[in-house]
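K.L.:
sequence plus the predicted model coming up.
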Amino acid sequence: MPALAGSSTPGGGEASEPFVDDSLPVATVGVVKETHPRERRVAVTPAVVPSLAKADLTVLVEAGAGAEAGFPDEAYRQKGATVVDRVEAFAADVLLRVRAAGAAPHASADLEALHHGQIVIGMLDPLFNPGACRDLAERKVTAFALELLPRITRAQAMDVLSSQATVAGYKAVLLAADALPKMFPLMTTAAGTMAPARVLVIGTGVAGLQAIATARRLGAVVEAYDVRPAAREEVESLGARFVELPLPSGDAQDADGYAKAQGEDFHRRQRELLGHVITANDVVITTALIPGRRAPLLITAGMVRGMAPGSVVVDLAAEHGGNCELSRPDDVAVEAGVRVFGPTDLPATVAHHASQMYAKNIVTFLLHLEEGGRLRLAPDDEISAKTLVCRGGEIVHPKVAEAIREQAGARSREGEG
Ligand code: NAD
């Protein structure tokens, strides 16, 4: 079991000078084909290879790594990358991944392929599935979880949550439009007038706002709700109606702009108030998340039964417990003629553009860390300090360490019970 740090910062936290770790070379960058079953994205696209080469980094791409996203090996070669086999790509100093550790459960072969001192950067699902980060620490890997990136202006170009949520919000609407037995726009024809579809978006962060914009472009009448009062202005600027619920909202947002976790009483009242709004809509798209927690339960099975047959729910929080009681990850539940989708792979279904944005994010992040072929960790650099999960066999991120302790505690309580 690796050590769990309480609050350590990279480089020890005392010195204000950047800490350049000579034991961690950053000369070769490996890009492998993703192992998660439905993953079609690739972490690095040909377009970003020259920016890595400019920093004297050699890019080793596993043959076929970008094929499913529409990036053939030849396109990588033309931009200066070397196409290699999987073993050679895995041997690189730095591995750039879309999904690794907790974000790619069951990929134990990937874990075994890692070597001591290797650097892994990608989405690791470190708070919801922290045990996999402990496995990385045990292999003495230095790992950075991009989900933990601070939402600050300086880090916007590295923000994978935003770029991938943009794709998910867009695709959720297309999924709903395809499944709904109605058209989205108002149609006035010789055969009669068809009313526009009514769409409700719950949770108006990056994915929710993109869902609103996409549903509006298709001609639907859109309303939206979020616990954060600041969301109203953004919702209205996209031409949707903001749903006001008589709930206390003063304490809804934390200093980072995220929604705060609320108690069960708040959620019960929220569900009661949302009931009639939900039944008035043909499509409900939910995106409500609280970082590191189970997604709030907003729609019960009874509320789904109150919707008109043929209606559609798309629950983008399904991977983290779901906003709808009936949603199951990557499955479709049918209740009283209403279909409830729980897709967890929507960005992967738009693999070309999703990879393009992801590659820009991850390469910007790597170039931020790299200095003269070494890993540079400045103790006062929020970007590296908040994303570094493990180093030297130790879990160094306090929130990840806490999540590991919480899960271990829950397991031992289950064992006793
Ligand atoms: P998220 O994916 O964590 O959550 C999605 C939405 O669900 C949020 O808007 C949240 O308020 C909402 N939500 C949570 N619980 C809810 C509930 N019970 N009922 C209704 N809605 C609920 O959000 P996100 O897209 O990652 O964005 C989080 C915040 O970060 C937002 O304030 C966003 O504007 C901000 N942000 C900042 C930057 C930046 O670079 N400055 C970039 C992206 C996002």
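P.N.:
Yes, it's here.
K.L.:
chain center to the helix or strand Val363 falls within, what's the gap?
P.N.:
Taking DSSP states H and E as the criterion, Val363 maps to helix 351-369. Between the mean C-alpha location of helix 351-369 and the chain-wide mean there is a distance of 14 Å, by C-alpha atoms, centre = their mean, to the nearest Å.
K.L.:
and that helix, what does it pack onto?
P.N.:
Applying 3 or more C-beta pairs under 8 Å, 6 or more residues apart in numbering; DSSP states H and E, we find helix 351-369 packed against helix 49-54, strand 94-99, strand 119-123, helix 160-179, helix 346-349, strand 374-377, helix 382-387. Quick note: C-beta positions are derived from backbone N, CA and C, even for glycine.
K.L.:
which SSE is immediately downstream of it?
P.N.:
strand 370-371.
K.L.:
within its sheet, name the partner strands of that next one and how each one runs.
P.N.:
strand 374-377 (antiparallel) (DSSP bridges).
K.L.:
state the mean pLDDT of the partner strand.
P.N.:
The pLDDT scores in strand 374-377 average 87.
K.L.:
what secondary structure does Ala75 sit in?
P.N.:
Per DSSP: H, G, I helix; E, B strand; the rest coil, the secondary structure class of Ala75 is helix.
K.L.:
over to Leu297?
P.N.:
coil.
K.L.:
got a list of what it touches?
P.N.:
His267, Arg271, Gly321, Gly322, Asn323, Cys324, Glu325 (C-beta atoms under 8 Å, 6 or more residues apart in numbering).
K.L.:
the second one - that's part of a helix, no?
P.N.:
Yes. The assignment for Arg271, made by three-state DSSP, places it in a helix.
K.L.:
report pLDDT for it.
P.N.:
So Arg271 comes in at 94 (pLDDT).
K.L.:
tell me the spacing between it and His397.
P.N.:
Arg271 sits 34 Å away from His397, taking C-beta to C-beta, to the nearest Å as the criterion.
K.L.:
please say which of those two ends up with more neighbours.
P.N.:
His397 (30 against 18; other C-beta atoms under 10 Å).
K.L.:
not counting sequence-adjacent ones, nearest residue to the more buried one?
P.N.:
The shortest distance from His397 to any non-neighbouring residue, by C-beta to C-beta, 6 or more residues apart in numbering, is to Val389 (4.8 Å).
K.L.:
and for Gly322?
P.N.:
Once flanking residues are discounted, Gly322 sits nearest to Asp315: 5.3 Å by C-beta to C-beta, 6+ apart.
K.L.:
these two touch, right, the one you found and Val340?
P.N.:
Yes. Under the criterion of C-beta atoms under 8 Å, Asp315 makes contact with Val340 at 6.6 Å.
K.L.:
what ranges of the chain fall below the confidence cut-off?
P.N.:
1-23, 249-250, 417 (pLDDT under 70).
K.L.:
can you tell me the residue of it closest to the ligand?
P.N.:
Gly205 (2.2 Å; C-beta to the nearest ligand atom).
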